[in-house]
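**Q** Pasting the sequence and the predicted model now:
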Amino acid sequence: MFKKLFGKKEEVNKENVLVSPLDGKVVPLEEVPDPVFSQKMMGEGIAVEPTNGEVVSPVDGKIVQVFPTKHAVGIETDSGLEILVHIGLETVSMNGEGFEGHVSQGDKVSAGDKLITFDVDLVKEKAKSTVTPVIITNSDSVESMDTLNSGDVVKGQTELLKVTAK
């Protein structure tokens with residue numbers, strides 16, 4: 001209360017709940033058919049096998065990167081978590097074919113805001129997999145992480161992870 005009275009900077013909420021960025025089915029990160037993700041080289045997280053091609057933001061934050069090929073987007077939360085949504089596996093080789101971005105670097109987004117749309121059938125045809133990892137790339141700044149749901153998920157609604165930043 002005194003911080004508010006005396007104009008001190010308000011504490012940033014370190015607890016983040018990530019909602020599913022896609023409609024689909026949860027896949028544990030360890031089961032993603034790519035060692036970069038399954039062995040957590042990029043960081044901790046979870047993945048979703050999508051049933052359609054609309055990706056929404058899993059959190060409130062700021063877009064820090066939209067890859068030129070539009071197969072991945074990076075978001076930073078107010079608490080400093082850096083989240084990567086990587087659509088499919090080996091999709092960078094598609095050079096953006098079948099992907100359409102709806103945000104740009106620097107945009108503020110809320111959980112559930114549309115980020116990218118993509119052609120699921122084209123990704124199935126041209127890439128290794130449609131499984132979409134959701135990674136906390138700065139996992140060293142995570143104090144705790146709990147998986148909240150498994151099975152079928154709804155984009156922008158189903159809570160996937162509860163992450164507390166250090």
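**A** Looks like it arrived, so ask away. Numbering: from 1, shown residues only.

**Q** Where do the strands of this structure begin and end?
**A** 15-19, 24-27, 44-50, 54-56, 61-66, 72-76, 82-86, 99-101, 108-109, 114-118, 132-136, 142-147, 152-153, 159-165 (DSSP state E).

**Q** Quick check: neighbours of the second one in the sheet, parallel or antiparallel?
**A** Strand pairing for strand 24-27, determined by DSSP bridges: strand 44-50 (antiparallel), strand 152-153 (antiparallel).

**Q** Please put the alpha-carbon coordinates of the first one into CSV.
**A** It stands for strand 44-50. The C-alpha coordinates for strand 44-50 follow below in CSV (Å, rounded to 0.1, in the frame of the first residue of the first chain):
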residue,chain,number,x,y,z
GLU,A,44,11.2,-25.6,-21.0
GLY,A,45,7.6,-25.7,-22.3
ILE,A,46,4.9,-27.7,-23.9
ALA,A,47,3.6,-28.5,-27.4
VAL,A,48,0.2,-28.7,-29.2
GLU,A,49,-0.7,-30.8,-32.2
PRO,A,50,-3.0,-28.3,-34.0
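
**Q** What residues of that strand count as buried?
**A** For strand 44-50, a neighbour-count test (16 or more other C-beta atoms under 10 Å) marks Glu44, Gly45, Ile46, Ala47, Val48, Glu49, Pro50 as buried. C-beta coordinates here come from the backbone N, C-alpha and C atoms, glycine included.

**Q** With pLDDT and distance to Ser141 added, can I get these in CSV?
**A** Formatted as CSV, the buried residues of strand 44-50 follow (pLDDT from 0 to 100; distance: C-beta to C-beta, whole Å):
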residue, pLDDT, distance to Ser141
Glu44, 96, 11
Gly45, 97, 14
Ile46, 97, 18
Ala47, 98, 21
Val48, 98, 23
Glu49, 98, 28
Pro50, 98, 28
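
**Q** Okay then, goodbye and thanks.
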